[in-house]
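**Student:** Okay, structure incoming, though there's no sequence with it:
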Ligand SMILES: Nc1ncnc2c1ncn2[C@@H]1O[C@H](COP(=O)(O)OP(=O)(O)OP(=O)(O)O)[C@@H](O)[C@H]1O
C-alpha cells in the first residue's frame, strides 16, 4: 500500500452515524505530501466528519485510511504522532501563559528526556513559524512578549494560532485544521495563511476546513463536498469554477446545496472497496510514562488553579462563609451542626470538581488522541482537588471547632466538636469522595450547563437520606441511603464524636449532643442513654435489623462508615473511567 509522495490515501471511506444517519457517502482520495489542501462545502455537508475520518478522531464506518502508507486503524499508535489536529474549539487553557501552555504540552507530548533547552528551541521555532514572535501592531516596546501573556488576554486569532503552535511542537508531518480562519480578520488571514503555506513548503501536509473563498488563493488543492457527504470536486483551485461551470465560489456553494445537482457531480470511488465489514474501534496505547505524565498533568492543573486567583479566592471564601453561617445560626452545638458540617464537606467536593472535565473537553479529547492515559488524567485531577478540599475542610472545621468550644450546650460544657485532627481527616475523606461525584458528572455530561443543572439533584439525596431531616423508616429509603455520602458521612461523624467521649470515660451527663426537646435538654437522670449523637439520627431502623434486611452488627462500627465511603469512591472512580472511555471514539 506504500505509495511514495502520498501523505494520505483514503479508500472507499463511508461514515454512518447512529440510526444510520449519513455522515459521508463512499469516497476515495489521495493527498500528496507537502500539499496545502482546503476542504470546503455547505454547512453540515460533512467537512468535519471527513477530517475526523482521516485523522482517526472518529474513524470511518467502512473503508480504509492510510497515513504514509500505514493503515490508520491497524497502526494508529504509530501514525498518531505524525498527526497534528486543531478542532473547531481551542485546545489550550485560558488561565496559563502562552509559554507555560507550550511548555506543558511539550512535556506531555515529547519523548521522555527531552531537555528544557530543546523545548525552548521548539517553542521559539513554532512561534516564529506562525509569526507569533512579533509584537502586535501598535504595541509599545515595553509591552509584554507574547510568551508572557495569558491565553485569555489574546485575540481569537492569536488563540487559534497558539492552538496550532501546540500541535506543531511535535513536528507532525500532517496537520488537520478545522476552520482556523473563521475568527481572523482579513489582514491576519493573509499573514496566517502565508505562514501555513511556508509550513507546507517545508514539509507539512495541511488539510484545512474553510468557508472563506479567499482562502483558495493560498492552497494547492480543494476538496469540495456537496450536501449529505458527497465528494463533488478535488483539484487545483484554478479549475473549480470551470468544473462547476459557474463564475463564483458562492454559486458553487448554492449549487452544491441542492441534492439533485450534487448527485449528478458525485465522484463515487472507482477502487475496489477493501472490505464491507464495519471497522473496529481504534485501540489507543498507554501513555509513554504514566508517572511522568501524571506529574506534568498535576503540575499544569495546579498552575491553572493558582493562576486563576479570583476563583481560588472564592473557593477558600466558601468555607469561611458557610462556617460563619453555621456558627451564626446555631447558638449551641447540636446534631444539626454535625449534619451541616458533613453536607458542607460534600458540597465543597462536588462543586469544586463539577466543571473540571467538561470545561476542558476539547483539550482532553485532543490530548487523549495523542497519548493521554485516562487513569493518569483522573488522578491528576484528584491530586489537585484533594489539596483544595483539604484547605477548605481545614478552614471550615477550625471555625466550627473554635466557635462551638466557646458556645457549648450550657448544661453540658464538654459538648463541642472533637477530636479536631480526626474530624478534619474524616471530613476531608468525605469531601474527597464528593469530588469524585462531581468529576463523574463532569465526565458524563457534554456541556457545563447540563452539569450545573444536575448538581443540585445530586445533592438533595445527600441531605434527605442522612437521617437527620427524618427517620429512614422504609426499606427502600434505607437502602437508597446506602448510596449517599450524606448518610455514611453524618453517621460516621456522629459516631466519631460519640466514640471520643466514650473512650474518655467522661461523666454520662457530658455525653455529646444531648437530645433537645422544646422543654430543654434531657438530663442525665431521665434520658442519658439515648442522648448520643448517633442515637439522634433516624438511621438503623431496629425493625429492619430484626427482619434481617440490615445486619446491625456489621454496620455498627466506625470502620463500616469508612469502608462504605471508600466503596462509593471506588464506584465513582470506575464510572468516571467508563464515561471518559466512552468519549474516545463515538
Ligand atoms: N456525532 C455525531 N452524531 C450524529 N450526527 C452527527 C455527528 N457529528 C456530525 N453529525 C451530522 O453529520 C452531518 C455532517 O456534520 P459535520 O459537522 O461533519 O458538517 P460540516 O460540514 O463540518 O458542518 P459545518 O460547516 O457547519 O461545521 C451533519 O448532519 C451533522 O448533524
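**Tutor:** On my side now, so go ahead. Source: prediction; values computed, not measured.
**Student:** Please make it C-alpha for all contacts and neighbour counts, starting now.
**Tutor:** Noted.
**Student:** So for residue 407, what's the nearest residue that isn't a sequence neighbour?
**Tutor:** What sits nearest to residue 407 in space, not counting adjacent residues and going by CA to CA, 6 or more residues apart in numbering, is residue 332, at 5.6 Å.
**Student:** which ones are touching residue 419?
**Tutor:** Listed by CA atoms under 8 Å, 6 or more residues apart in numbering, the contact set of residue 419 reads 497, 500.
**Student:** Now with 6 Å, please.
**Tutor:** The contact partners of residue 419, by CA atoms under 6 Å, 6 or more residues apart in numbering, come to none.
**Student:** And residue 13, by the same measure?
**Tutor:** Residue 13 touches 26-27, 60, 62-63, counting by CA under 6 Å, 6+ apart.
**Student:** any chance of these in CSV, plus distance to the ligand?
**Tutor:** Conversion of the contacts of residue 13 to CSV gives the following (distance: CA to the nearest ligand atom, whole Å):
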residue, distance to the ligand
26, 14
27, 14
60, 12
62, 16
63, 17
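**Student:** Quick one: end-to-end distance for stretch 477-488.
**Tutor:** Distance across stretch 477-488, first residue to last, is 14 Å (CA to CA, to the nearest Å).
**Student:** if we look at it, which residues are touching it?
**Tutor:** Contacts for stretch 477-488 (CA under 6 Å, 6+ apart): 462, 465-466, 472, 561.
**Student:** Which ChimeraX command selects the buried ones in the residues you listed?
**Tutor:** If you want just the buried ones from those in ChimeraX, going by 16 or more other CA atoms under 10 Å, the selection is:
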select :462,465,466,472,561
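**Student:** And the contacts of stretch 477-488, which two are furthest apart?
**Tutor:** The span of the contacts of stretch 477-488, defined through CA to CA, is set by 472 and 561 at 16.9 Å.
**Student:** quick one: is the helix or strand hosting residue 366 near the ligand?
**Tutor:** In the assignment (DSSP states H and E), residue 366 maps to helix 361-370. No - Helix 361-370 lies out of reach of the ligand by CA under 6 Å from any ligand atom, never closer than 13.6 Å.
**Student:** Residue of the stretch 351-500 of the chain nearest the ligand, please.
**Tutor:** Residue nearest to the ligand within the stretch 351-500 of the chain: residue 446 (11.8 Å; CA to the nearest ligand atom).
**Student:** And that residue, how close does it get to residue 59?
**Tutor:** From residue 446 to residue 59 the distance is 20 Å (CA to CA).
**Student:** quick one, which of the two is more surrounded?
**Tutor:** Between residue 446 and residue 59, counting by other CA atoms under 10 Å, residue 59 is the more crowded of the two (27 against 15).
**Student:** how about low-confidence regions in the protein?
**Tutor:** The model of the chain has pLDDT under 70 over residues 1-5, 134-144, 271-288, 411-412, 473, 502-531, 538-556, 585-586.
**Student:** got the domain boundaries for it?
**Tutor:** 6-265, 290-582 (automatic domain parsing).
**Student:** picking that back up, name the nearest residue to the residue of the stretch 351-500 of the chain closest to the ligand, sequence neighbours excluded.
**Tutor:** residue 358 (6.3 Å).
**Student:** circling back to that earlier point, just to be sure, the residue of the stretch 351-500 of the chain closest to the ligand is in a strand?
**Tutor:** No - Residue 446 sits outside any strand when classified using DSSP: H, G, I helix; E, B strand; the rest coil, being coil.
**Student:** Do I have it right that residue 494 meets residue 533?
**Tutor:** Yes - counting by CA atoms under 6 Å, residue 494 touches residue 533, with 5.3 Å between them.
**Student:** what does this protein have sitting close to the ligand?
**Tutor:** Within the chain, the positions near the ligand by CA under 6 Å from any ligand atom are 17, 23, 43-49.
**Student:** ok, the residue nearest to residue 446 touching residue 442?
**Tutor:** Yes - using CA under 6 Å, residue 358 makes contact with residue 442 at a distance of 5.0 Å.
**Student:** Show me which of these two is the more surrounded one.
**Tutor:** residue 442 (29 against 24).
**Student:** The residue of the stretch 351-500 of the chain closest to the ligand and residue 452, how far apart?
**Tutor:** 11 Å.
**Student:** what do you get for residue 421?
**Tutor:** To residue 452, residue 421 is 33 Å away according to CA to CA.
**Student:** Looking at those two, which one has more neighbours?
**Tutor:** Per other CA under 10 Å, whichever of residue 421 and residue 452 has more neighbours is residue 452, with 17 against 12.
**Student:** Is that one in a helix, a strand, or coil?
**Tutor:** Assignment for residue 452 (three-state DSSP): helix.
**Student:** Skipping its backbone neighbours, what lies nearest it in space?
**Tutor:** residue 354 (7.5 Å).
**Student:** In contact with the one you found: list those residues for me.
**Tutor:** 438-439, 442.
**Student:** Just want the angle from the biggest helix by length in the chain to helix 361-370.
**Tutor:** Criterion DSSP state H: the longest helix present in the chain is helix 374-406. Angle, helix 374-406 to helix 361-370, by axes from the mean of the first three to the mean of the last three CA atoms, to 10 degrees: 140 degrees.
**Student:** list the helices and strands helix 374-406 packs on?
**Tutor:** helix 290-307, helix 309-329 (3 or more CA pairs under 6 Å, 6 or more residues apart in numbering; DSSP states H and E).
**Student:** The longest one vs helix 374-406, what angle?
**Tutor:** It stands for helix 309-329. Using the same axes, to 10 degrees: helix 309-329 against helix 374-406 is 40 degrees.
**Student:** Which residues does helix 309-329 contact?
**Tutor:** Here helix 309-329 makes contact (CA under 6 Å, 6+ apart) with 392, 396, 399.
**Student:** any idea how far the last one lies from residue 327?
**Tutor:** Going back to what we said before, that points to residue 399. Using CA to CA, one gets 8 Å for the distance from residue 399 to residue 327.
**Student:** what sits against the residue positioned nearest the centre of the chain?
**Tutor:** Nearest to the mean C-alpha position of the chain, by CA atoms, centre = their mean, lies residue 357 at 1.8 Å. By CA under 6 Å, 6+ apart, residue 357 lies in contact with 442-443.
**Student:** Next, it: phi, psi?
**Tutor:** Here the main-chain torsion angles of residue 357 (degrees, to the nearest 10) amount to phi -100, psi -50.
**Student:** all strands for the stretch 51-200 of the chain, in order.
**Tutor:** Here the stretch 51-200 of the chain has its strands, by DSSP state E, counting those that start in this stretch, at 62-67, 70-71, 83-86, 174-178.
**Student:** Report the angle between the longest helix of the chain and helix 290-307.
**Tutor:** Here helix 374-406 runs at an angle of 50 degrees relative to helix 290-307 (the same axes, to 10 degrees).
**Student:** how about helix 374-406: buried residues?
**Tutor:** Residues of helix 374-406 classed as buried by neighbour count (16+ other CA under 10 Å): 374-386, 388-401, 403-405.
**Student:** now swap in stretch 117-134 and tell me
**Tutor:** 119, 122-127, 129-132.
**Student:** Next, format those residues as a markdown table and append distance to residue 291.
**Tutor:** Shown next, in a markdown table, are the buried residues of stretch 117-134 (distance: CA to CA, whole Å):
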| residue | distance to residue 291 |
| --- | --- |
| 119 | 20 |
| 122 | 24 |
| 123 | 24 |
| 124 | 28 |
| 125 | 28 |
| 126 | 28 |
| 127 | 29 |
| 129 | 32 |
| 130 | 32 |
| 131 | 35 |
| 132 | 33 |
